[in-house]
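Asker: please find the sequence and the predicted model below.
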Amino acid sequence: MSTAANPELYHIPHDTFVADTQAVAQAVREGGWMPDFVIGIGRGGLVPAVYLSHALNVHMLSIDHSSKVPGFADELLGKVAAKSADGVRLLFVDDINDSGGTIADIRRLLVENGCDTGKVRFAVLLDNIRSKVQVDYRAERIDRTDDKRWFVFPWEAVGMDETIVEESLSVPERFA
């Protein structure tokens, strides 16, 4: 297993990514709840959201939460919260539910903006069973107690390994 000094980079094959996206789409279809919009959570959820949007034949919106640009994601989340209050069903998509921080932030901001939480669902490709939040749909479950790999999704694979390692080391608690 990896340590914070030397994280194990696990490059997810494109075929696995496509199969995982199809698994999430199937779970959504079988669940009897179809979204009106798929919303990609930037940056990691944008590519899966595009694929899921096509698989479900549903339009996509995006929220760049990871940019941390003050007010930017908050303003967009306010707009989609208003859509949910008008009865629009929203499926938020991210690549991984690891600590749960991103999804918790998104949920909090939605509620603060008057969201009808009954109209919102969350989907991820990888779901850490130890996360502080739960999602509605997932392709795979991991357990961060045992699995310390740093997952490199196909769209991240074009980055330099040094940059990927630097990003992984910014969250040392994942390797604890």
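Answerer: Structure's in. What do you need?
Asker: going by C-alpha atoms from here, please, whenever you check contacts or count neighbours.
Answerer: Noted.
Asker: can you pull the poorly scored residue ranges out of the protein?
Answerer: 1-6, 67, 69, 71, 163-164, 168-176 (pLDDT under 70).
Asker: now do the strands in it.
Answerer: For the chain, the strands defined by DSSP state E occupy 9-11, 37-41, 59-63, 90-97, 120-128, 137-142, 150-152.
Asker: helices or strands up against the third one?
Answerer: Right, strand 59-63. When contacts are defined as 3 or more CA pairs under 8 Å, 6 or more residues apart in numbering; DSSP states H and E, strand 59-63 packs onto strand 37-41, helix 46-56, helix 72-85.
Asker: kindly report the same for the fourth one.
Answerer: The elements that strand 90-97 packs onto, with contact taken as 3+ CA pairs under 8 Å, 6+ apart, are strand 37-41, helix 46-56, strand 120-128.
Asker: CA atoms only: put that strand into CSV for me.
Answerer: Extracted C-alpha coordinates of strand 90-97, given in CSV (Å, rounded to 0.1, in the frame of the first residue of the first chain):
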residue,chain,number,x,y,z
LEU,A,90,-31.2,17.3,-10.7
LEU,A,91,-28.5,14.6,-10.8
PHE,A,92,-25.2,15.9,-9.6
VAL,A,93,-22.2,13.9,-10.8
ASP,A,94,-18.6,13.7,-9.4
ASP,A,95,-15.8,11.3,-10.1
ILE,A,96,-15.3,10.1,-6.5
ASN,A,97,-17.0,10.5,-3.1
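Asker: tilt between it and strand 59-63?
Answerer: 60 degrees (axes from the mean of the first three to the mean of the last three CA atoms, to 10 degrees).
Asker: go on, the longest one?
Answerer: Per the same axes, to 10 degrees, the angle that strand 120-128 makes with strand 59-63 is 70 degrees.
Asker: do the second one as well
Answerer: Counting by the same axes, to 10 degrees, strand 37-41 points 30 degrees away from the direction of strand 59-63.
Asker: angle of strand 37-41 against helix 72-85?
Answerer: Interaxial angle, strand 37-41 versus helix 72-85 (the same axes, to 10 degrees): 160 degrees.
Asker: what's the closest non-adjacent residue to the residue most central in space within the chain?
Answerer: Centroid-nearest residue in the chain, with CA atoms, centre = their mean: residue 94, separated by 1.2 Å. Leaving aside its chain neighbours, residue 94 sits nearest to residue 45 (3.6 Å; criterion: CA to CA, 6 or more residues apart in numbering).
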